[in-house]
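Peer 1: Structure, please.
(chains A and B)
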Amino acid sequence: GESVGLHLPTLSVQEGDNSIINCAYSNSASDYFIWYKQESGKGPQFIIDIRSNMDKRQGQRVTVLLNKTVKHLSLQIAATQPGDSAVYFCAENWSTGNQFYFGTGTSLTVIP
Amino acid sequence: EAGVTQSPTHLIKTRGQQATLRCSPISGHTSVYWYQQALGLGLQFLLWYDEGEERNRGNFPPRFSGRQFPNYSSELNVNALELEDSALYLCASTAGWRDEKLFFGSGTQLSVL
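Peer 2: Numbering: from 1, shown residues only, chains lettered A, B, ... in the order given. So this is what the prediction gives:
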C-alpha cells in the first residue's frame, strides 16, 4: 500500500469549548469533500460534506470550511461533547470517478 | 434499513495463508469500495467495484483481489498473507459513482500471525 508511518495528530479540548480540526488535501482537481468520524471499533461515519463551488457549509453543531487556494479544509465543532471524542478524517473525491482519498486523521479527545 | 455489513468481524490467519472477506452493501447501492486501515493510520484505497466490474484499484500488489456479485455484494481476497497485511479492512457502498458519500461497514479485523 501507500501508507506512511505517521503519528496521528491529536487535539484535546475541554467539554463545551469549540474544536477546530484541520486538513490539507492533495489534489487541486478534487471537487467534493467529506468529513468522517471514526469511533473505536467502528467504521467511519459521515458528518458533513461540501462541494468545491462552496466555501462554507453548516450542519448541526458542525461547520466545514473550504479554502481551495491553499487546499485546506477545516471542521469546526461547536460546544464539544464527550461523545465527540473520536478520530476525524477528511476525504477528497478526485474528479476521476467516485474515488475518495483520506487524510491521516486527527484524534480528538474531549476532557469532561 | 440495514447498513453495510461485513463478515467476519475478526479473522486470524498465519503467514502464507489466504483470507476472504465479505461485504453486503446497503440495499440499492451498486458501488462497493474496499479500504485498508493499518493501526493508527488513515484509510488506504484498495479496490472499487461498480455493477459487477472492477473500476479502479489502489497501489496494492496483485495478491489483493476481489469481485462483485450480481446482487452487488463483494468479496476481498488476500493471497499469500504477510504480517504487514494485519489491518482493519473496511467496505463502503454508494448509490451512484459520482459525488456520492460513502457509507461504511464496521470492518473486518484481520490479524496475520
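Peer 1: any bit of the helix or strand where B:L110 lies sitting next to chain A?
Peer 2: Per DSSP states H and E, B:L110 falls inside strand B:108-112. No. Contact of strand B:108-112 with chain A (Cβ under 8 Å from any Cβ of the partner chain) is absent, the minimum separation being 8.8 Å. C-beta: built from backbone N, CA, C; applies to glycine.
Peer 1: May I have the strands that pair with that strand, each with its orientation?
Peer 2: The pairing partners recorded for strand B:108-112 under DSSP bridges are strand B:10-13 (parallel), strand B:87-94 (antiparallel).
Peer 1: So for that strand, what gets flagged as buried?
Peer 2: By 16 or more other Cβ atoms under 10 Å in any protein chain shown, the buried positions in strand B:108-112 come out as B:108-110, B:112.
Peer 1: If you average the pLDDT over it, what comes out?
Peer 2: The average pLDDT for strand B:108-112 rounds to 97.
Peer 1: Export that strand to PDB, keeping only CA atoms.
Peer 2: Presented in PDB, the C-alpha positions along strand B:108-112 are these (Å, rounded to 0.1, in the frame of the first residue of the first chain):
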ATOM      1  CA  THR B 108     -13.100  -7.000   9.400                       C
ATOM      2  CA  GLN B 109     -10.000  -7.000  11.700                       C
ATOM      3  CA  LEU B 110      -7.500  -9.300  10.000                       C
ATOM      4  CA  SER B 111      -4.600 -10.500  12.100                       C
ATOM      5  CA  VAL B 112      -1.800 -12.300  10.400                       C
END
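Peer 1: Could you export stretch B:24-34 as PDB, CA atoms only?
Peer 2: Listed next in PDB are the C-alpha coordinates belonging to stretch B:24-34 (Å, rounded to 0.1, in the frame of the first residue of the first chain):
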ATOM      1  CA  SER B  24     -23.000  -6.600   1.700                       C
ATOM      2  CA  PRO B  25     -23.800  -3.000   0.600                       C
ATOM      3  CA  ILE B  26     -26.800  -1.000   1.600                       C
ATOM      4  CA  SER B  27     -29.900  -2.100  -0.400                       C
ATOM      5  CA  GLY B  28     -30.000  -0.200  -3.700                       C
ATOM      6  CA  HIS B  29     -26.300   0.600  -3.700                       C
ATOM      7  CA  THR B  30     -24.400  -0.700  -6.700                       C
ATOM      8  CA  SER B  31     -20.800   0.500  -5.900                       C
ATOM      9  CA  VAL B  32     -18.600  -1.100  -3.300                       C
ATOM     10  CA  TYR B  33     -15.200   0.200  -2.100                       C
ATOM     11  CA  TRP B  34     -12.600  -1.600  -0.100                       C
END
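Peer 1: Which residues lie in contact with the residue of chain A found nearest chain B in this structure?
Peer 2: Using Cβ to the nearest Cβ, A:G43 is the residue of chain A that sits closest to chain B, at 3.5 Å. Residues in contact with A:G43, defined by Cβ atoms under 8 Å, 6 or more residues apart in numbering or on different chains, are B:4, B:90, B:92, B:104-107.
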